[in-house]
Each structure stands twice: as C-alpha cells, then as structure tokens.
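Trainee: Build me a model:
(chains A, B, C and D)
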Number of protein chains: 2
Amino acid sequence: MAKSSSGTPSRERIVAGAADMISRRGLSATSIREMAKHAQAPLGSTYHYFPEGKQQLAAEAVRYTGEWVARSLRKELADGPAAGLSAFLALWRGIVVDTDFHAGCPVLAVAIEEPPADEVPPALAAAAEVFDQWEGLLADSLRAHGAGAEQAAQVATLIVAAVEGTVALCRAKRSTEPLDRTAAQLQALIDATIKH
Amino acid sequence: MAKSSSGTPSRERIVAGAADMISRRGLSATSIREMAKHAQAPLGSTYHYFPEGKQQLAAEAVRYTGEWVARSLRKELADGPAAGLSAFLALWRGIVVDTDFHAGCPVLAVAIEEPPADEVPPALAAAAEVFDQWEGLLADSLRAHGAGAEQAAQVATLIVAAVEGTVALCRAKRSTEPLDRTAAQLQALIDATIKH
DNA sequence: GGTAGACTATGACGGTCGTTATAGCCAGAG
DNA sequence: CTCTGGCTATAACGACCGTCATAGTCTACC
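Mentor: Below you'll find the predicted structure:
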C-alpha cells in the first residue's frame, strides 16, 4: 500500500498524461485506452486506480493541472500581481509554442463539455474549482497591493478568462500574436488597478 | 436546382443545428447521425449536402455562427464600441442562460480540437477566420472613435478572448457572475481607450 | 514458505463512430 | 408519358468506444 500523497508513480503518470491529451483533443475525443497507452500503463490499471472511470480520471487531471499552475502563480505573485500575470502568460505561451499550437488548457477543454441533464459531472466541478482557485490567487494579490475587493475580483476574473480565451485564439490562428496583444492590455490594466 | 445563396432550407437547418450541438458538446462528441436527427434530416442527406463529411459541415457551422454574431456586432457598433460590446456580451449571456449553462460558443469549441499533424482542418481554419472577423469589426469601431491602430487591435483581441473565456467560466461555474465581472472591466477599458 | 493484496493481462459486452454503396423515390422538364 | 437528377432510404464496412469480469502475476510482510 504505502499510499503516498502523490500516489504511485504509475498512477501519476496516467494523470499527467491524461491532462496533456485532454488539453490537445478535449475530453470526449480522448479515450481511456489511449491515455493508458500514452502513460505506458495497461488498460486494466486505469480502472484499478480510477474505479469511477473516465470522469474520475478527467477530474484528477484537471486538478493536477490546476495545482501545477497554482504553484507557479503563488511563487511569482510574491513579486506582485504584474509578475504573477507575466508568469501566467509565459506558462501558457510555453505550452502553446512547445506543442506547435496543438495543446491548450485542459481545464478549459473540460469546462465546455456538456453535462448530462440535471447533473454536474466530477470533471466539470473540478474545472469550476480550479478557475476559482486561480482567480482567488490573483484577486488576493491585487487586494494586497491596494486594489478594492470588487475591483480585484473583476480584474482577476478578466485575467483568467482572457488568458484562457487567448490561448484558444492562438491555437486557431497558429500564432502567438493574440497572446502578445492580450499581455499588453492586461499588464496595463494591472498597473492601473493597483496604482489607483 | 435553384441554388439560392442560403441553400436549401433543409441544408440550412442542418448547419444551424450542427452549430448548436457543437456549441454544447464540442465537435468530436457530436456525431453526424445526431446532427441529422436533430435537424430531422436523413443521414444520407448530410453526405449529399456536405460531401467532404464532418469537417465541411463543422466549418460551415462555424462560419454560420460567425456571420450571425457579426451581423449583430455590425448593427450595434453603429452606436459606438461600448454599444457593440454590450450587444456582444448580451448575445452570449442569452445563449448561456437560455440553455441553462449547457451551450457556449461553437467557434471556441472547434478552435480547441487538435488538428492532425501537418494539416489544418477546414473547421479550424474557419474558426480562425471568424475570430479575425470579430476582432476586425471591434478594432475598426475603436479606431473610428479615436483609438490608435495598435491600441485598437489589442483591445479588440482582448475583448474577443475575454468574452470567449468568460462564457466557458460561466458554464463551469453554472453562474453568470464571471460575465458580470468581465463586462464591468471591459466597458471601463473601452471608455478609457476611446477617451484617450 | 506461505499468504494477502496490489497490480496486470486478456478478452469480451453492446454500442456508436465516419464513411460509403446501392437502390429507390418523386418533382419537374421535354 | 418519359426521363433526368436532386434527394432519401437502408444497409453495411471496419474501427473504436467505456466498462466489466476473470484469471494470473508479483511483492511485501507474517
């Protein structure tokens, strides 16, 4: 057993690989068989580690990405909101460029999958939590640097939404120009927000 | 025959229905069989009207949505960039609310599907064109109201990206609050941009 | 050495996928 | 009335899907 907090290495490989594949093709286009193969794990193992099936695996992949981004965000926000935004932008730019515009954000990919009627699948709930987490980190930093609570919340939401949307624009256009433009405007917005 | 510019009514029903379904579930999760059934058309008809198959149908659905939004945008931008933004926001809010957070933007949905290696599928190319079109309309209006070319382009990209991202946030959270927050910030940004 | 339990291997279940082929219907032109 | 051509009906192709069941392997502890 020895249930370490990060789980078996093989288990974590599956989750990380799933996050990568979902960020490229979306959840429904990513099969469990492919996720297993991509992580060099047998298909049976996925149902051993994730007995609730695909939704559980997707939810963990979303949270995995969420925590990975949040770690970077927490670290860089120590130098202020502008530094945090720069890191946030650089992180996504790296993913988009390194994959030749093939990958994006798995959280966004999961967020736009239609849920069954009268139900909220675990992966979608996880996506909502991750967005909240990112917004919270940004808003906290803005408030710590003099922004009002309302203003901070609005700017934080705008940043997360704009960056997610911009990554999608970059993928469609196969260009990083949208990221450059969004970066310029958001940086100016942060300056204006914390200087007020 | 009688090839009208808008095509046979049945053909247009298929395209419109496809746009709706793609906006809910994404492209790969939407089967041609379901699109046909949703439009009350036989499966054979889809391959009659769209001989290139799913990609052609998806591309047309993307352009259909693009033109629909552009029409609203053109009309409201006559009253200035702020009015255009309001219409843009209201349009997406309507979709999200009317579908109980089940539908979003089909253009975004198509934009985040991974293309095959060394290839740009028609639907993805159409998504890029639609984003360009929307940005162009907004940027033109901003420049017509005194914004510099660079500033106008940056703000236009930010608006499109932010609204697309915000719609996804709303779906994940099952709340329109992100749209409220983004709206407030973008309106302020437009005011500052054209007043400068 | 034995035994429990974590993991793997294998194969199957019913179902849906995109696409194609073929034969048929049926309005309108001659 | 015949015939053409746009549209439909039906069935099939191989491939893949999520999930489950079962039997097997291997490792760590008693």
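Trainee: Tell me the residues of chain A that contact DNA strand D?
Mentor: By the rule C-beta under 7 Å from any atom of the strand, the part of chain A lying against DNA strand D is A:30-34, A:43-44, A:47, A:53-55. Yep, even glycine has a C-beta here, placed from its N, CA and C like the rest.
Trainee: how about the helices of chain A, start to end?
Mentor: Per DSSP state H, chain A carries helices over the ranges A:9-25, A:32-38, A:43-49, A:54-77, A:81-98, A:106-111, A:122-144, A:149-173, A:177-195.
Trainee: So which bits of the second one are buried?
Mentor: Going by neighbour count (16 or more other C-beta atoms under 10 Å in any protein chain shown), the buried part of helix A:32-38 is A:32, A:35-36, A:38.
Trainee: ok, now the longest one?
Mentor: Using 16+ other C-beta under 10 Å as the test for burial, helix A:149-173 gives A:151-173.
Trainee: out of these, who's near chain B?
Mentor: Residues of these in contact with chain B (C-beta under 8 Å from any C-beta of the partner chain): A:153-155, A:157-158, A:160-166, A:168-169, A:171-173.
Trainee: Kindly reformat the residues of chain A next to DNA strand D as CSV containing pLDDT and distance to A:T65.
Mentor: Shown next, in CSV, are these (pLDDT from 0 to 100; distance: C-beta to C-beta, whole Å):
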residue, pLDDT, distance to A:T65
A:T30, 98, 14
A:S31, 98, 19
A:I32, 97, 18
A:R33, 97, 21
A:E34, 97, 18
A:L43, 95, 23
A:G44, 93, 25
A:Y47, 96, 22
A:G53, 96, 19
A:K54, 97, 16
A:Q55, 97, 16
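Trainee: which of those are buried?
Mentor: With burial judged by 16+ other C-beta under 10 Å, the buried subset of the residues of chain A next to DNA strand D is A:30, A:32, A:47, A:54-55.
Trainee: Verify the stated contact: A:V155 with A:D191.
Mentor: No - using C-beta atoms under 8 Å, A:V155 is not in contact with A:D191, being 11.1 Å away.
Trainee: low pLDDT regions in chain A?
Mentor: Scanning chain A for pLDDT under 70 picks out the ranges A:1-7, A:196.
Trainee: near DNA strand C, which residues of it?
Mentor: Chain A has residues A:1, A:8, A:10, A:41-45, A:48-49 near DNA strand C, with proximity defined as C-beta under 7 Å from any atom of the strand.
Trainee: most tightly surrounded among the helices of chain A?
Mentor: helix A:106-111 (a mean of 30; mean count of other C-beta atoms under 10 Å in any protein chain shown).
Trainee: Briefly note if it comes near chain B.
Mentor: Yes - contact of helix A:106-111 with chain B (C-beta under 8 Å from any C-beta) involves A:108-111.
Trainee: now stretch A:112-125, how far from the chain's geometric center?
Mentor: Averaging C-alpha positions (C-alpha atoms, centre = their mean, to the nearest Å) puts stretch A:112-125 17 Å from its chain's average.
Trainee: Then stretch A:87-104?
Mentor: For stretch A:87-104, the separation from the chain centroid amounts to 11 Å (computed by C-alpha atoms, centre = their mean).
Trainee: Quickly name whichever of the residues of helix A:106-111 next to chain B is closest to chain B.
Mentor: Set against chain B, the nearest of these by C-beta to the nearest C-beta is A:A111 (3.9 Å).
Trainee: which one is that closest one nearest to, not counting chain neighbours?
Mentor: Nearest residue to A:A111, sequence neighbours excluded (C-beta to C-beta, 6 or more residues apart in numbering or on different chains): B:A172, at 3.9 Å.
Trainee: show me what contacts the one you found?
Mentor: By C-beta atoms under 8 Å, 6 or more residues apart in numbering or on different chains, the residues touching B:A172 are A:110-111, A:124, A:127-128, A:131.
Trainee: before we move on, what about A:L57?
Mentor: Residues near A:L57 by C-beta under 8 Å, 6+ apart: A:14-15, A:18, A:32, A:35, A:46, A:50.
Trainee: Quick check: the farthest pair among those residues?
Mentor: A:V15 and A:I32 (12.6 Å; C-beta to C-beta).
Trainee: if I read this right, A:T30 contacts A:A18, doesn't it?
Mentor: Yes - between A:T30 and A:A18 there is a contact under C-beta under 8 Å: 7.2 Å.
Trainee: and the closest residue to A:P178 other than its chain neighbours, how far is that from DNA strand D?
Mentor: Spatial nearest neighbour of A:P178, chain neighbours left out: A:L169 (4.1 Å); criterion: C-beta to C-beta, 6+ apart. Remark: distance between A:L169 and DNA strand D (C-beta to the nearest atom of the strand, to the nearest Å) = 28 Å.
Trainee: which residues does A:L169 contact?
Mentor: Taking C-beta under 8 Å, 6+ apart, we find A:L169 in contact with A:178, B:111, B:131, B:157, B:160-161, B:164.
Trainee: which one among those residues gets closest to DNA strand D?
Mentor: Of all the contacts of A:L169, DNA strand D sits closest to B:A111, with 21.8 Å by C-beta to the nearest atom of the strand.
Trainee: right, and that closest one touches A:A168 too?
Mentor: Yes - counting by C-beta under 8 Å, A:A168 is a contact partner of B:A111 at 4.7 Å.
Trainee: still on that earlier bit, just name the closest of the buried residues of helix A:32-38 to chain B, please.
Mentor: A:H38 (13.3 Å).
Trainee: hang on, isn't that closest one packed against A:R24?
Mentor: No - taking contacts as C-beta under 8 Å, A:H38 lies outside contact range of A:R24: 10.6 Å.
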